[in-house]
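Chemist: Okay, sequence plus prediction incoming.
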Amino acid sequence: MDLKNKKRIKGANPYMPLWEHVPDGEPRVFTYNGESRVYVYGSHDTLKTEYCGLDQVVWSAPVSDLTDWRCDGVCFRSPDGEPLYAPDVVQKGDTFYMYAALSRGSKVVVAKSKNPAGPFEDPVETELGFDPGILVDDDGRVYAYWGFTSAYCAELNDDMATIKPGTLREHIIPHCERGSGWWDAEEEHTDKVFSFFEASSLRKIGGKYIYIYSRRQCEAVPEEGLPADSNGYLAYAYSDNPLGDWVYGGIISNNAGEIVECADGSKKRAYPTGNNHGSIAEVNGQWYVFYHRMIGTDEFARQAMLDPIDVAVDSSGRVYIGRIEYGENGEPISSSETEMTSQGAHLNGLDARALISAGYACYLTSETDGVTPFASSSKGAYIKPVYDGIESAPVAGIKSGTVAGFRYINFGAESQKEIYLKLNSAVNGGIVNVRLDSSDGDIAACAETKDGLSEYVIPLRCEITGKRALFFEFIHKDTDKQICEFDCFTFE
């Protein structure tokens, strides 16, 4: 198979290049110099042995194409040599204000620029705390939200930095229990439903104020396949007032992926989990949730993700966000967490004829994982972090029972004839089953791995057309043996 003319999939999920690591993304649609673009402001996981980095970069895409991302460069640098945590950026008038969290989030400053891509300069210390989220209301009044395990909000003065007297609200939504955490939990303010943890982000939709945040579930939830202390949720609350009171809405997404039923009847999630931080944005008429996922064997190489969602408000004023079910009269009646995909903004699926990195897998399970593992404690397969412009991120740690899945691949109206696999460091005796639609679906192709052989071209056993999910199952009689590293695939 000739790969020279194969284009490489880009702008999928993660939507930034696989070598880039920007978690905590706040998406903002700004119009600058006559062009409307989505700008994403986040942390920058460059230190490799701890969270975040010493600079923050801006990535943006035209509102007409969320697969076409460009790096607009460094927008802010740490002034004290300490890591910068999650920021936010808002526009008021012709000025853009960046709320940068210095010294691992312990001090928040506001810096200014006339350009949404920065650089943001002249930082001034604010009275805000951890994980600031800012809302500029329709009347020009500005509100701030922040907190770690306790949620706060206040209206800001015109200086965009200090709190307007009499507006500070504490414990605005109940926070999570302590669980196995190291922080102090004020029991009178805890609640298992709201369960606020961190990552405040505010949006205003149809007259409703939407509070998006990271929710921590301190107890295991077996029916959802989640271990204790899961904080991969993005949840939301809503209110008619920017300072509350708040009504719990539900879960928008979870970076642990879909629920998988195991052979013994228990359930687990399809992807190693970890912390989460993000928000929502309407882009060209479609709503998206922006969040991050874990790769590697820790939480220090997080990647920016997005998936389409629905947003609706019923006649009683209840807000629904995620995958929404509508009644016969068109009214929303329920919502559930959205699907975690490989396609991202490629809404028709990833082109099967393009070269697709294994690093776009949205489903990654191992036989050894009894419950959904945290990325930092998983003994199963993982996506290996890459840096410095390397275009493909392989799946490593593959043993018998590993399944890597991709939602979704677009095969078009006419089936391809064969599949190409690149498997690095392969050993003899491994079997790779290419399955359709589910991890136990029909086998469309099968390869046997051989020592030192990295490229495999295998005929398809059946015709494949349309938009399908694809799963790669790895098997070996020696269950302790590392079978290979899965690099990429394509069809022809």
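Modeler: The structure has been received and is ready for your questions.
Chemist: Could you use CA atoms for every contact and neighbour count after this?
Modeler: OK.
Chemist: so where's the stretch 51-200 of the chain shaky on pLDDT?
Modeler: Within the stretch 51-200 of the chain, the segments meeting pLDDT under 70 span 179-185.
Chemist: Do a quick rundown of the strands in it.
Modeler: Under the criterion DSSP state E, counting those that start in this stretch, strands of the stretch 51-200 of the chain are mapped to 55-62, 70-77, 85-92, 95-102, 107-113, 121-125, 133-136, 142-146, 152-155, 169-170, 196-205.
Chemist: Next, format those as a markdown table and append mean neighbour count.
Modeler: A markdown table is the format used below for these (neighbours: other Cα atoms under 10 Å):
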| stretch | mean neighbour count |
| --- | --- |
| strand 55-62 | 21 |
| strand 70-77 | 17 |
| strand 85-92 | 24 |
| strand 95-102 | 24 |
| strand 107-113 | 22 |
| strand 121-125 | 14 |
| strand 133-136 | 24 |
| strand 142-146 | 24 |
| strand 152-155 | 24 |
| strand 169-170 | 13 |
| strand 196-205 | 24 |
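Chemist: I'd like the ones you listed laid out as a markdown table, including distance to G317.
Modeler: Shown next, in a markdown table, are these (distance: least, Cα to Cα, whole Å):
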| stretch | distance to G317 |
| --- | --- |
| strand 55-62 | 32 |
| strand 70-77 | 38 |
| strand 85-92 | 27 |
| strand 95-102 | 31 |
| strand 107-113 | 34 |
| strand 121-125 | 38 |
| strand 133-136 | 21 |
| strand 142-146 | 22 |
| strand 152-155 | 23 |
| strand 169-170 | 24 |
| strand 196-205 | 11 |
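Chemist: now for the ones you listed, which one comes closest to E188?
Modeler: strand 169-170 (12.8 Å; Cα to Cα).
Chemist: For the closest one, which outside residues touch it?
Modeler: S150, A151, Y152, C153, A154, L243 (Cα atoms under 8 Å, 6 or more residues apart in numbering).
Chemist: hmm, 6 Å instead?
Modeler: Y152, C153 (Cα atoms under 6 Å, 6 or more residues apart in numbering).
Chemist: List the strands paired with it, with their directions.
Modeler: strand 152-155 (antiparallel) (DSSP bridges).
Chemist: Could you list the domains of the chain?
Modeler: Using automatic domain parsing, the domain ranges for the chain come out as 26-336, 352-491.
Chemist: want to throw the ones you listed into TSV with distance to E20?
Modeler: TSV is the format used below for the domains of the chain (distance: least, Cα to Cα, whole Å):
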stretch	distance to E20
domain 26-336	7
domain 352-491	7
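Chemist: I'd like to know which of the ones you listed lies nearest to H346.
Modeler: domain 26-336 (6.8 Å).
Chemist: Run the chain-centre distance for the host helix or strand of A304.
Modeler: Element membership of A304 [criterion: DSSP states H and E] is strand 303-313. Its chain's C-alpha centre and that of strand 303-313 lie 10 Å apart, by Cα atoms, centre = their mean, to the nearest Å.
Chemist: helices or strands up against that strand?
Modeler: strand 286-293, strand 319-326 (3 or more Cα pairs under 6 Å, 6 or more residues apart in numbering; DSSP states H and E).
Chemist: Could you tell me which residues within the last one count as buried?
Modeler: It stands for strand 319-326. V319, Y320, I321, G322, R323, I324 (16 or more other Cα atoms under 10 Å).
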